[in-house]
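In: pasting the structure only:
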């Protein structure tokens, strides 16, 4: 029930907002971190966790440490991405973390299901599962389950996008996306492949292909708002359920286990990122080494790990230990990594300058204003063809204003001694009148202008100035030519002569 109800909105919302063009540009980095990086993180977490936990829980099996490594491998960097957005961190770093998290979540659920089946003999869907966890069997199951989910999700998403293009009602289209999110999961599970991967593929298909060819701007905004709320509600419900299950006294008693688990998870994340770094630089555009530390800190755990934990049966061995470790690690990563991310980014020099951040905010505001304008136009006009005549009139008006400006432009300042009052009698001239200035020429300035003209005219005139007005020094500037000094007495003497 937890999988079928809570996972689809969490994954569909993230996939719906992911831009495929950005995802494709960073595909090498995302796949490296999400597939081999996931397996490395899971393995290192289990290897570090097992000997430390067995000192406190002597009979704790290694397979259970591996199960914990798989359920805690799913990242949830919502808070980190929000910090990145507010601070104007480079967009590519945010795209890599977001894309990795999306694939990571789906693949972590697949691996978790395989390991859980090896322990209990029952898969996540309730079907019998083989307890043979050989490398070959694991690899085949991993590829077939994930690949099957990908194909089914993409196919269902494509079909529902075509249906959406035939409808122009935001309530119906929201309903269709809801059917898509839950339907893709159920269809994939019916065929014994990954419903989670199917939801991710369906969300990406709907959010990119469906919104581009089958949704009006109003509908797109409505769908995005609906799924943001649905994901928020699902996240809140997951943490509420965990809060009801966790005993604070037991959690405090399990503090040593939680710290051990957090250290193991951190070691796994460090190994995954730094071992993936040279591969990322080889298969795609390279990333700076300073980004690796940010990717480690951005590996926050969240609702997906909680859902996987809550899906374990009540009589599952060591369930309370796994629950306390999972909740403790999620809490530590959200509070610790989230709070320290801002100063950490500042130390690494990844924050934009204030001017760049202000420009980033300005462009974000313009983007939001453009979306709002499209929404309003779509509400007011059944057809954009009705805008043709008003647009022509606006263009004619601006062309007329441009011709007038061409006459004003050579004089950057609207000088009262050059322009008659009636010249500025056209509409909106008040905006220009506010910039009018009155020039008053001072006599010394005029004298100096005469001396400058003489100094730059020819060498005999410069010689004349030097001989007749010795107090007037003349120096040569690279761009401005010969400039006389501002000696008022010498200038008056020059004009008198």
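Out: Noted; the coordinates are in hand. What you are looking at is a predicted structure, and each value in this text was computed from that prediction instead of being measured. Numbers count the residues shown, from 1 in each chain.
In: around the closest residue to residue 290 other than its chain neighbours, how many other residues sit close by?
Out: Among residues not flanking residue 290 along the chain, residue 348 sits closest, at 4.7 Å (CB to CB, 6 or more residues apart in numbering). (Glycine included, C-beta is placed from N, CA and C.) For residue 348, the count of nearby residues is 16 (other CB atoms under 10 Å).
In: helices along the stretch 151-300 of the chain, start to end?
Out: Assigned by DSSP state H, counting those that start in this stretch, the helices in the stretch 151-300 of the chain fall at 170-190, 195-205, 211-214, 217-245, 248-253, 255-283, 290-297.
In: out of these, flag the one nearest residue 52.
Out: The closest of the helices of the stretch 151-300 of the chain to residue 52 is helix 255-283. By CB to CB, the value is 4.5 Å.
In: in that closest one, what counts as buried?
Out: Within helix 255-283, the residues scored as buried using 16 or more other CB atoms under 10 Å are 257-258, 260-262, 264-273, 276-277, 279-281.
In: what's the answer for stretch 312-320, then?
Out: Applying a neighbour-count criterion of 16+ other CB under 10 Å, the buried positions in stretch 312-320 are 312, 316, 318-319.
In: looking at the residues you listed, spot the one nearest residue 393.
Out: residue 312 (67.4 Å).
In: and residue 231, what does it touch?
Out: 9-10, 13-14 (CB atoms under 8 Å, 6 or more residues apart in numbering).
In: at 7 Å what do you get?
Out: Residues counted as contacts of residue 231 (CB atoms under 7 Å, 6 or more residues apart in numbering) are 9-10, 13.
In: over to residue 65?
Out: 46, 49-50, 53.
In: mind redoing it with 8 Å?
Out: With CB under 8 Å, 6+ apart, residue 65 has these contacts: 45-46, 49-50, 53.
In: reformat those as a markdown table; add neighbour count, secondary structure and pLDDT.
Out: Below are these laid out as a markdown table (neighbours: other CB atoms under 10 Å; DSSP: H, G, I helix; E, B strand; the rest coil; pLDDT from 0 to 100):
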| residue | neighbour count | secondary structure | pLDDT |
| --- | --- | --- | --- |
| 45 | 28 | helix | 94 |
| 46 | 21 | helix | 93 |
| 49 | 27 | helix | 93 |
| 50 | 19 | helix | 92 |
| 53 | 23 | helix | 91 |
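In: hmm, which two among the residues you listed are most spread apart?
Out: So, the contacts of residue 65 by CB to CB: farthest apart are 45 and 53, at 11.3 Å.
In: and for residue 444, the neighbour number?
Out: Neighbours of residue 444 (other CB under 10 Å): 13.
In: same check, this time on the one 5 residues further on
Out: By the measure other CB under 10 Å, the count of residues near residue 449 is 13.
In: still on that earlier bit, quick check: of the contacts of residue 231, which lies closest to residue 34?
Out: residue 10 (16.7 Å).
In: so the closest one touches residue 233, yeah?
Out: No - using CB atoms under 8 Å as the test, residue 10 is too far from residue 233 to be in contact (10.0 Å).
In: neighbour-wise, which of those two wins?
Out: residue 10 (25 against 12).
In: so what's that one up against?
Out: Applying CB under 8 Å, 6+ apart, the residues near residue 10 are 105, 231, 234-235, 303-304, 307.
In: let's go with 6 Å and repeat that
Out: Counting by CB atoms under 6 Å, 6 or more residues apart in numbering, residue 10 makes contact with 231, 234, 303.
In: so residue 471 sits in a helix?
Out: No - looking at residue 471 with DSSP: H, G, I helix; E, B strand; the rest coil, it is coil, so not inside a helix.
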